[in-house]
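Student: Provided below are the primary sequence and the corresponding predicted coordinates.
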Amino acid sequence: MIHFLCKTAIHGRRTAANSSCVLHITPSLFSSRFISTTSNEQSFTASYLVKNLGFSPESALSASKHVQFETPDKPDSVVAFFQSQGFSQTQITKLIEKQPLVLVSDIEKTLLPKLEFFQSKGVSRPEIAKIVSGYPFVLKRSLEENIIPNFDFCSNLLESDEKAIDCIKRDVGVLTIGLDVYVLPNINLLEEIGVPESNIKAVFHQHPRTLLMSPDRFKEAVEKVKNLGFDPLKSNFVQAVSGLRGLSTSTWERKFDVYKKYGWSKEETLQAFQRHPWCMMASENKIIGIMDFLVNIMGINSAAIARRPSILTLSLEKRIIPRGLFMQVLLSKSLIKEFRLSAFESSEKKFLNRYVNSFEEKAAELLKIYQGKLDFSSS
């Protein structure tokens, strides 16, 4: 069913001039009439980038190899356009650093229609600025041949424009990639091995990059997950595929070595991965930081952490350290009898209700202490 809907979304829109798949990638849409190879123009461009956009001399020289102009008129108008659309100076500079040719783009034909499309789908100006400055490559794609049909694909698959926007915010690359070349074969493979549609939709919504892999690499990840004993019918199957897609064999083995230092056996590590696949996605430094704090400072048995591996995906500075230190205060005051790892997993509201507000006479004092731990951790 998913396959049918997606194929309809992708192939249902064809241009009069070209009857090929609408995801055909067109040449760069940016105008080249301003581009010159003269050293004077390159020097002027580099100087402009340094003075007007805050480029370093090195980055300005690099950018000037890709775009040159003789006068500031065109780039000034492009910069003014982005400013009028709510882009900050930092975002504009970031955008130009990644795609220098944007400075000589046609505002009315190339830039404005794409921003207006995002607005028509309910994306706010600040969100548009964040999306585009983070991935300005989207400005090089055709609105009619790439962006609109790809958005329709996401909306059809997720059955909601709102969820499609969520997906795009997480990886705007879904609007530029050939979905029939990458995503559809991967969806088909998951369906063939029995992964429920709801799980496929969930992973595309939350982690769209999982399905943007080349089919060959994706198949390798799927086979590895199956060999590790994951059940395709369970939600953690696609989570494991999502995690493994970005891990090389050497990185995978290094994660095992890190956990081994804290007493986990290979079996315990695999079981933790099966319970919560994201525990293997955390960086080695993050794993070490969390394990060191919980085991060596808090005195928690590492085997207990293996049974609740989701803790390893939480923020060390914003969640683990402040709550851990605060819980030690509660223990010292005999307000709680034992430390529970579930305290780390609770939402902020539930945590405050359980460990602060429940002690009515001491709530104000405890809240002040907890805030102090938050401030200390983030400093």
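Tutor: That came in fine, so what should we check first? Residues are numbered from 1 along each chain as shown.
Student: from memory residue 258 sits against residue 286, does it?
Tutor: No: the criterion here is CB atoms under 8 Å, and residue 258 misses it with residue 286 at 10.0 Å. (Glycine included, C-beta is placed from N, CA and C.)
Student: and residue 220, how far is that from residue 180?
Tutor: Here residue 220 is placed at a distance of 21 Å from residue 180 (CB to CB, to the nearest Å).
Student: likewise for residue 317?
Tutor: 42 Å.
Student: for residue 345, same thing?
Tutor: 40 Å.
Student: what do you get for residue 150?
Tutor: Remark: distance between residue 150 and residue 180 (CB to CB) = 10 Å.
Student: between the two, who's got more neighbours?
Tutor: residue 150 (27 against 16; other CB atoms under 10 Å).
Student: mind listing what the nearest residue to that one once chain neighbours are set aside touches?
Tutor: If the residues on either side of it in the chain are set aside, residue 150 comes closest to residue 175, at 4.7 Å by CB to CB, 6 or more residues apart in numbering. Contacts of residue 175 were listed using CB atoms under 8 Å, 6 or more residues apart in numbering, and they are 138, 141, 146-147, 150-151, 168.
Student: pipe these into TSV and attach secondary structure per row.
Tutor: Shown next, in TSV, are the contacts of residue 175 (DSSP: H, G, I helix; E, B strand; the rest coil):
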residue	secondary structure
138	helix
141	coil
146	helix
147	helix
150	helix
151	helix
168	helix
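Student: who wins for most neighbours among those residues?
Tutor: Highest count within these by other CB under 10 Å belongs to residue 150, 27 neighbours.
Student: list the contacts for that one?
Tutor: Counted by CB under 8 Å, 6+ apart, residue 150 has contacts 23, 174-177, 179.
Student: same question for residue 266.
Tutor: Residue 266 sits next to 256, 260 when contact means CB under 8 Å, 6+ apart.
Student: determine the next helix or strand in the C-terminal direction from whatever helix or strand residue 326 lives in.
Tutor: Secondary structure from DSSP states H and E places residue 326 in helix 321-332. Next along the chain after helix 321-332, taking DSSP H and E as the criterion, comes helix 342-345.
Student: so what touches the helix or strand following that next one?
Tutor: Scanning forward in sequence from helix 342-345 by DSSP H and E, the next helix or strand is helix 348-352. Contact partners of helix 348-352, identified using CB under 8 Å, 6+ apart, comprise 323, 343, 367, 370.
Student: can you tell me which of those are buried?
Tutor: 323, 343, 370 (16 or more other CB atoms under 10 Å).
Student: all helices of the stretch 51-200 of the chain, in order?
Tutor: Residue ranges of the helices in the stretch 51-200 of the chain, as given by DSSP state H, counting those that start in this stretch, are 57-63, 73-84, 89-98, 112-120, 125-134, 148-158, 161-170, 183-192, 197-206.
Student: for the fourth one, which positions count as buried?
Tutor: Buried residues in helix 112-120, counted by 16+ other CB under 10 Å: 114-115, 117-118.
Student: same thing with the third one?
Tutor: Counting neighbours by 16+ other CB under 10 Å, one finds that the buried residues in helix 89-98 are 91-97.
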